[in-house]
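Novice: Build me a model from this:
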Amino acid sequence: MKTHILRRTITRSIAAAWLGSCLLAGGSAIAQDAPKLVTVNAGFVPVTDVAALYLGEEVGLFKKHGLQLKANVASTGGVPAVMSGEYHFAFTALVNILQARDKGLPLKIIAAGSSSTGVKGADVTMIHAGPKSGIQSAKDLEGKTVSVNALNGLLQMMGKAAVKADGGDPNKVKFIELGFAEALAALQAGRTDAMVGAEPFGTAAIAAGFPPISSPYQAMSPKSMLTSGYFTSEAQLKANPELFKNLRAAINESIEYAQKNPDAVRKQLPKFTKLGADVAAKLILPNYLTAIPPESVEMFSKSGNEFGMLTKPAVYDTVVWNGK
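Specialist: Numbering: from 1, shown residues only. Below is the predicted model of the structure:
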């Protein structure tokens, strides 16, 4: 009797040990077979628009497509680093991409960045002036000094478009270049008459007593329009198209998630900007839409040519990657 019990005990112990070794071996094999994430280096300016991708990385949307996002601060928009291959992709205003291509740089838009709200008086870019300045609309900017963050860039284009749409002469406006923080200080000190602002500095200007007198994007389109994008070089696309297919899928899912979760977007902002949670809770968010509408490219191309920022019209199919 004792012999049978002993045999059963030994048999069970051997079986348990064998099963345990199989499980351990299987677990090890699974761990070894798990695909490694591919790190994609990105160049981002620290603005509200890119919060969608920080959020997408946090909730696992890049991991879902086998990627890990490494964001780098790129104050110049990241064009040189993308061209050299240091960054896989970067973010910038749509007009900046058109200007780079206009100069012969082979860049392609791989995904939408952000879009205007399409709401007058509550957009991501507005023109601000003091209530005692006598400036009531964009036409009143004739003969005035107006700050933009970069000469011949997006905000100067928007300022000119707003003045023209209001019946004024854009050539009579004196645009000067000031960083956003400097621009608000200059406006408060009376060194400038108005500023073309962008979030979060638009909200800061309103809080400081400088309400919006114009919503420039409405001068181009009464509807929400694409204003920025994520781009890479044609050489990188040719070398690794599968990587960029996965990347575009991750970006698009991040954008869709951000559009549905604005509170989560706001929580991202203090992590990569100097904004406090109180400011992040109040500012105007862009629309996060995945479409790259031909009409948006055409409108920026038209305005760029009209205001001397581009030398030739942009062709949609040469600017936007078709995914092949």
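
Novice: Do you have the strands of the protein handy? List them.
Specialist: 38-44, 67-73, 89-93, 107-112, 125-129, 145-148, 174-177, 194-198, 212-214, 228-233 (DSSP state E).

Novice: Columns mean pLDDT and mean neighbour count on top of those, output as CSV?
Specialist: Every residue, glycine included, has its C-beta placed from N, CA and C. Listed next are these as CSV, based on pLDDT from 0 to 100; neighbours: other Cβ atoms under 10 Å:
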stretch, mean pLDDT, mean neighbour count
strand 38-44, 95, 20
strand 67-73, 94, 16
strand 89-93, 95, 27
strand 107-112, 98, 24
strand 125-129, 96, 27
strand 145-148, 96, 24
strand 174-177, 96, 16
strand 194-198, 94, 27
strand 212-214, 95, 24
strand 228-233, 97, 26
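
Novice: Identify whichever of those lies nearest to N252.
Specialist: Closest approach to N252 among the strands of the chain (Cβ to Cβ): strand 107-112, 6.1 Å.

Novice: Render the CA-only coordinates of that closest one in CSV, please.
Specialist: The C-alpha trace of strand 107-112 is given here as CSV (Å, rounded to 0.1, in the frame of the first residue of the first chain):
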residue,chain,number,x,y,z
LEU,A,107,9.5,66.7,-48.5
LYS,A,108,6.2,64.9,-48.4
ILE,A,109,3.2,65.2,-46.0
ILE,A,110,2.6,61.8,-44.5
ALA,A,111,-0.3,62.7,-42.1
ALA,A,112,-2.5,65.6,-41.1
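
Novice: follow-up on the earlier one: P286 is nearest to which of the strands of the chain?
Specialist: The nearest among these, by Cβ to Cβ, is strand 228-233 at 8.3 Å.

Novice: what about this protein, any weak spots by pLDDT?
Specialist: 1-34, 75-77 (pLDDT under 70).

Novice: Can you give the domain ranges for it?
Specialist: 38-115+225-319, 125-220 (automatic domain parsing).

Novice: before we move on, back to that, which stretch among the strands of the chain comes nearest L275?
Specialist: strand 194-198 (13.2 Å).

Novice: Run the angle between the closest one and strand 89-93 for me.
Specialist: 150 degrees (axes from the mean of the first three to the mean of the last three Cα atoms, to 10 degrees).

Novice: from what I can see P286 touches T227, true?
Specialist: Yes. Using Cβ atoms under 8 Å, P286 is in contact with T227, at 7.4 Å.

Novice: what residues do those two have in common as contacts?
Specialist: With contacts defined as Cβ atoms under 8 Å, 6 or more residues apart in numbering, the residues shared by P286 and T227 are 114-116, 124.
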